[in-house]
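Peer 1: Dropping a prediction and its sequence here:
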Amino acid sequence: MPLLFENPKSTFIHIPKNAGNSFESWVIENKIKYKNEFNHYTLQQSKQIWQDLGIVFSFVRNPFSRTVSIFHYLGQNAERKIKEKKSINLIDDLKTVKLYKKGFDYWLNCLFDTSSEFNEKNEVMSFNGESSWPRRAPQGFWFNWEKIDYVIKIEKLNHDMGILKDIFKLKKCTLIPIINTSDHNEYKTYYNNQNKKIIRSMFEYDLNNFNYDF
């Protein structure tokens with residue numbers, strides 16, 4: 001769900017579960033005009049849609065924390081849709097809940113194992129002829145491994161509001177709200193030595209390029 005801004009020309013690349021909905025809410029609150037696309041498009045896909053992206057920026061997140069957030073969001077969202085009878089694909093939601101109830105370790109191993117019957121195979125994306133599951137892809141995938149103008153860590157989001165104020169030439173602005181969250185414990189409680197290795201293997205690019213660690 002990239003956002004394109006005309007004044008000044010700039011583009012926000014929305015990486016899943018990285019405060020993109022919170023940012024869009026902030027944009028609306030500050031009356032900043034924008035266009036958007038429904039899907040989570042990469043930098044290259046956004047260029048194909050809009051050609052001139054202007055200033056390009058995005059939010060990144062600690063892979064250890066982000067993966068726990070994805071696990072709980074998918075499971076809890078599927079549970080909610082079933083309970084409220086809002087499932088568009090009930091079979092997929094039931095599979096997601098079944099997998100969720102097996103716990104984080106089991107889910108993470110399914111995510112890591114490309115031969116597993118993981119429920120998100122229908123979300124495969126193709127980039128330069130190479131397929132990737134969005135939940136498995138390092139955050140660098142969304143930039144096509146290129147450098148962009150600004151990479152803002154969501155752990156320091158409100159501390160770095162000056163970057164957004166400069167991009168949009170705002171004299172003052174509110175802090176970015178926190179929305180679309182899932183309910184879970186502190187991320188470190190979900191890890192042992194084995195599943196730490198999985199995260200380091202899957203998200204080596206993010207850990208090295210964005211200076212994250214456990």
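Peer 2: Yep, that arrived. Residues are numbered from 1 along each chain as shown.

Peer 1: Domain parsing of this protein, as residue ranges.
Peer 2: Taking automatic domain parsing as the reference, the chain has its domains at 3-62+140-168, 63-124+182-209.

Peer 1: Serialize the ones you listed to TSV and add fields for mean pLDDT and distance to residue 174.
Peer 2: Using the backbone N, CA and C atoms, a C-beta is placed for each residue, glycine as well. Below are these laid out as TSV (pLDDT from 0 to 100; distance: least, C-beta to C-beta, whole Å):
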stretch	mean pLDDT	distance to residue 174
domain 3-62+140-168	90	6
domain 63-124+182-209	87	23
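
Peer 1: and those as CSV, adding distance to residue 176?
Peer 2: Below are the domains of the chain laid out as CSV (distance: least, C-beta to C-beta, whole Å):
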stretch, distance to residue 176
domain 3-62+140-168, 4
domain 63-124+182-209, 16
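
Peer 1: Format those as a markdown table; extra columns: distance to residue 175 and mean neighbour count.
Peer 2: Output for the domains of the chain, formatted as a markdown table (distance: least, C-beta to C-beta, whole Å; neighbours: other C-beta atoms under 10 Å):
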| stretch | distance to residue 175 | mean neighbour count |
| --- | --- | --- |
| domain 3-62+140-168 | 5 | 17 |
| domain 63-124+182-209 | 20 | 15 |
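
Peer 1: What is the helix ranked longest in the chain packed up against?
Peer 2: Assignment by DSSP state H gives helix 63-83 as the longest helix of the chain. Contact here means 3 or more C-beta pairs under 8 Å, 6 or more residues apart in numbering; DSSP states H and E; on that basis helix 63-83 packs against helix 90-101, helix 104-112, helix 193-202.

Peer 1: mind putting those in JSON lines, distance to residue 182 included?
Peer 2: Rendered in JSON lines, the data for the helices and strands packed on helix 63-83 read as follows (distance: least, C-beta to C-beta, whole Å):
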{"stretch": "helix 90-101", "distance to residue 182": "11"}
{"stretch": "helix 104-112", "distance to residue 182": "12"}
{"stretch": "helix 193-202", "distance to residue 182": "18"}
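
Peer 1: which residues sit in contact with residue 211?
Peer 2: Contact partners of residue 211, counting by C-beta atoms under 8 Å, 6 or more residues apart in numbering, are absent.
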